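1. let's see this in three dimensions:
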Amino acid sequence: MNNRVSLCFRGSFAWRLASKCSFHPSARFVLANLLRLPLLAIAFSIILGIFHYMLPRKRVVGGELGNTLKKPHPQEVLNQDHIMAADGSPSEMEIDEDLHSRQLAVYGRETMRRLLGANVLISGLQGGGVEIAKNIILAGVRSVTLHDPGLVEACDLGANFYLTESDIGKPRATACAYKLQELNAAVLVTVQSADITHSFLSKFQAAVFTNLTYEEAAAFDDFCRSQTPPIAFIKADVHGLFGSVFCDFGPEFVVFDVDGEEPQTGIIASISNDDPALVSCVDDERLEFHDGDMVVFSEIHGMTELNDGKPRRITSCRPYSFLLEEDTTGFVAYEKGGIVTQVKQPKMLKFKSFREAVKNPGEFLLSDYAKFDRSSLLHLAFQALDQFKVKFGRLPAPASDDDAAKLLAFCKESNGEAGESKLESIDEQILRHLSNGASAVLNPMAAMFGGIVGQEVVKACSGKFHPLFQFFYFDSLESLPLEVEGPDRTTAESRYSAQVSVFGHQLQQRLENAKVFVVGAGALGCEFLKNLALMGVACGSKGKLIVTDDDVIEKSNLSRQFLFRDWNIGQAKSTVAASAASAINSSLKVEALQNRVSPETENVFDDAFWESIDVVINALDNVNARLYVDSRCVYFQKPLLESGTLGTKCNTQMVIPHLTENYGASRDPPEKQAPMCTLHSFPHNISHCLTWARSEFEGLLEKTPAEVNTYLSKPEEYKGSMASAGDAQARELLERVVECLVTERCRTFEDCLLWARKKFEDYFSNRVKQLTYTFPEDATTSSGALFWSAPKRFPKPLDFSTQDHSHLSFLASAAYLRAQTYGIDVPDWAKESSKLAEAADQIKLPSFSPKQGVKIVTDEKATSLSTPASDDSMVIDSLIKILDDNASSIPPGFRMNPLPFEKDDDTNYHMDLIAGLANMRARNYWIPEVDKLKARG
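-> You can find the predicted model right below:
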């Protein structure tokens, strides 16, 4: 099995099955949208596997730092029950796009607005509860109320990352409330010290409970269901290596968007006059429609009856065709063109109450199809665990055979009364493991379930993504070593006592003395460092944790990289993250580096360094870096934990030398590349426009300035190499150098504005006029077919207007970035749209006249738009002469500033220009535009 493609609930096949399973109506959507954060914990449960690999195995499984932390306020501040947001008011707030840019791109503005109005209750602030609270606060709800009057114990420090030794004996909720508030000043965080009453509960849109008996849960759930609208009720429990979630969002809950994906589209090639009508689409891209989908048609020539915007049902969906459930025999015959677009349909879910669902749970959401029958057993086992707690007032004790026997007796008794759902047999060993870890809250499990429940709260408050329906059970028994004797599990009360009770002292000592290398300190890296610190990894006398990241903190990081605060913006990620991890566990032996792991830094990460490491954890954001680290791990035979996220999807891969394949052993199939002529002259979807925009950005602002600097560094050598080449590519490079240093050289910001205005005219007006002059709308091919037939779209030129905000936005971002490449300061007046518009209106450009004989590449197999010419050498010589004639006008030591593309900095205008380029081009070709968040992709 390729470990990388499975969503790794302990090496299961869930990721692949999520896209095609039919076992459960919600499995496909829930597994694909659990939330980015479960990955962090799921992956971390595997970190245990790495160290278990060093121990006897049960079975083979696929598996003083800088002062960067702001001192917290004195704890006495939290003696009050109410903690206001930083601005002192829980008033309505606009979406902070700089902070939530990534989240907006996944959820959309409407979902975010619903979240902004949501009030959420979280009862129980042990490991799972604090993880849920962290995720919900980062997501940006209106308020979060914390409830847990229980007092902090030493064992809580192993799962709750906001508790310290000084908090022992204090109420849990109060002890961690201030630090939770720091995560997002826009979210109102309060503490409820009194018992939860029905009148108090009625104020919330969602309520999460992590420490309820079944009878208490049933009572609260009944009340939540009785409200109008119903309050979403979620019950979550973590017991050692076992966990469960139950969701009830009311008798009738509407999911507005079951998968969160963009509506699928297709370009029509033909429509028959039949009943039902056969619709064929161009074979440029496979259709992703499904039988029963609703679609709308637009832009059809001929059969215009279908352009009415009415949703229509389709069947018999194939890769490039489908049947339309409509009689078109009386319609006008289809001529050409047309777009078919999927219409997202809402889905009504009828949740059962907790009382009913316990008795008749229906189908369970599965995470591991190798444990197909496990959920039924765990459903029974968790009921038995509740009965044990109610009768004895406590949970089973670790390594207690007597308690395990009692739990098993409760389970058998319940099974005997189960009627038709009675299990034929009960795996007693699983019940013993549950009994042994029942009182243990393990960080990896808490983090995983905190992520799952956090996403369920988002679904409940927004109606986006298919919710968990309704029970989910999970176990990670594969994490257990082969043998753990009873005495090895006993320990004095400490932050690690929960882990020791499940895994034993031997594994804990290995964790504490491990030498770990974490590559990256972003969203994944922050979670990994938190988990490592809580678990005690690298906290022993021989342990060491090294984290490296060459990036600095930006505002947009704060919504998901939870170790950072706004006062850390501009500081090194690795240093701040290491400091924050040390605050979680002062015993952590951590060193922060700011080096990129690459061939260029092998003097830092040399052979001795790699030999000293026990395990490597990747937290990277690009494939090339992953492949390099993977190659180092293969060479030095080091275990590697590889993972990644994309929106709400995630993957993880465990690499163990001589046991599993490595990350680079297999590659995903390459994405289909659009032909060059399509990108440059015949785009037909927004993806083509965005790809072209990115290419133009790099050419104008990174590659061309770098080429100019290459010339300026060694002029004679450069001119000689261009003259020797004498081809179209050399000519094109020289033309760019001449443009930057002579014909379009910018000395003032006004020059940059003029350049930007010319680019608008060239890209979105003149080129289109030339294209439509060369290929008029009625042009035909050599075979007599219409040239502008699907998927080609006949374009229109744009007329620049400062009254059009998108035109002005493009002009501003292009001029600002052009100025950066020349080291020119942007004047204050240019930052005011009205004054920038006045300046742009003063620019007069000559009218454009299309030329005869212009060759436009239409061959889809062409790999270059540079067309060789017989006079290339002559043109190169003339360009070199221009450079020689103007050499004296270039100041000594002058260099341009190449601008590498950086999409995550919302203040650098890079994405503004990308979105401007793409959307103006989309407007040329009648393609729906996207905002900057969607353009970031």
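
2. distance of residue 615 from residue 664?
-> Relative to residue 664, residue 615 is positioned 18 Å away (CB to CB, to the nearest Å). For every residue, glycine as well, the C-beta is placed using N, CA and C.

3. let me fix that: residue 890
-> 45 Å.

4. residue 534 now?
-> Residue 534 is 31 Å from residue 664, by CB to CB.

5. between these two, point out the one with more neighbours.
-> More crowded of residue 534 and residue 664, by other CB atoms under 10 Å: residue 534, with 28 against 17.

6. can you tell me the element the more buried one falls in?
-> For residue 534, the host element (DSSP states H and E) is helix 523-535.

7. ok, now residue 788?
-> Residue-wise, residue 788 maps onto no helix or strand under DSSP H and E.

8. then residue 120?
-> strand 119-123.

9. so what secondary structure elements neighbour that strand?
-> Secondary-structure packing of strand 119-123 (3 or more CB pairs under 8 Å, 6 or more residues apart in numbering; DSSP states H and E): helix 127-139, strand 143-147, strand 206-209.

10. ok now the helix holding residue 534, how far from the chain's centre?
-> Relative to its chain's centre, helix 523-535 lies at 18 Å (CA atoms, centre = their mean, to the nearest Å).

11. give me the contacts around the helix or strand following that helix.
-> Following helix 523-535 in sequence order, the next helix or strand is strand 544-548 (DSSP H and E). By CB atoms under 8 Å, 6 or more residues apart in numbering, the residues outside strand 544-548 that reach it are 515-521, 525, 529, 532, 537-538, 574, 577-578, 581, 588-597, 613.

12. model confidence over strand 544-548, on average?
-> Averaging pLDDT along strand 544-548 yields 97.

13. also stretch 699-715?
-> pLDDT averaged over stretch 699-715 gives 95.

14. can I get the CA coordinates of it in CSV?
-> Output of stretch 699-715 as CSV, limited to C-alpha atoms (Å, rounded to 0.1, in the frame of the first residue of the first chain):
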residue,chain,number,x,y,z
GLY,A,699,8.5,36.9,-16.0
LEU,A,700,8.0,40.6,-15.4
LEU,A,701,9.1,40.9,-11.8
GLU,A,702,11.5,38.1,-11.0
LYS,A,703,13.1,36.6,-14.1
THR,A,704,13.5,39.8,-16.1
PRO,A,705,15.1,41.8,-13.3
ALA,A,706,17.4,38.8,-12.6
GLU,A,707,18.3,38.7,-16.3
VAL,A,708,19.1,42.4,-16.2
ASN,A,709,21.4,41.9,-13.2
THR,A,710,23.1,39.0,-15.0
TYR,A,711,23.9,41.5,-17.8
LEU,A,712,25.0,44.2,-15.4
SER,A,713,27.3,41.9,-13.6
LYS,A,714,29.3,40.9,-16.7
PRO,A,715,28.2,43.0,-19.7
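
15. tell me which residues in that stretch are buried?
-> 700-702, 704-705, 707-709, 711-712 (16 or more other CB atoms under 10 Å).

16. ok, so of the residues you listed, who is nearest residue 463?
-> residue 701 (41.0 Å; CB to CB).

17. separation between that closest one and residue 766?
-> As defined by CB to CB, residue 701 lies at a distance of 21 Å from residue 766.

18. can you list the low-confidence ranges for the stretch 651-800 of the chain?
-> By pLDDT under 70, the weakly predicted segments of the stretch 651-800 of the chain are 671.

19. please read the previous query as pertaining to the stretch 51-200 of the chain.
-> For the stretch 51-200 of the chain (pLDDT under 70), the answer is 51-93.

20. find the centremost residue of this protein, please.
-> What sits nearest the mean C-alpha location of the chain, by CA atoms, centre = their mean, is residue 647, with 2.7 Å.

21. did I read that right, residue 634 in a helix?
-> Yes. Using DSSP: H, G, I helix; E, B strand; the rest coil, the assignment for residue 634 is a helix.

22. for the nearest residue to it once chain neighbours are set aside, grab the count of nearby residues.
-> Closest residue in space to residue 634, ignoring its immediate chain neighbours: residue 662 at 5.1 Å, by CB to CB, 6 or more residues apart in numbering. Residues lying near residue 662 (other CB under 10 Å) number 19.

23. now swap in the one 5 residues further on and tell me
-> Neighbouring residues of residue 667 were enumerated by other CB under 10 Å; the total is 10.

24. confirm it sits in a strand?
-> No. Read with three-state DSSP, residue 667 is coil and lies in no strand.

25. now do the contacts for it.
-> So residue 667 contacts nothing (CB under 8 Å, 6+ apart).

26. which helix or which strand is home to residue 643?
-> Following DSSP H and E, one finds residue 643 within strand 640-646.

27. the helix or strand just after that strand pairs with which strands, and in what direction?
-> Scanning forward in sequence from strand 640-646 by DSSP H and E, the next helix or strand is strand 649-655. Applying DSSP bridges, strand 649-655 is found paired with strand 640-646 (antiparallel).

28. could you give the angle of the partner strand to helix 523-535?
-> Orientation of strand 640-646 against helix 523-535 (axes from the mean of the first three to the mean of the last three CA atoms, to 10 degrees) gives an angle of 130 degrees.

29. list the buried residues of strand 640-646.
-> So strand 640-646, judged by 16+ other CB under 10 Å, has buried residues 640-645.

30. avg pLDDT for that strand?
-> The predicted model gives strand 640-646 an average pLDDT of 91.

31. from the chain's centroid, how far away is it?
-> Using CA atoms, centre = their mean, the offset of strand 640-646 from its chain centre is 12 Å.
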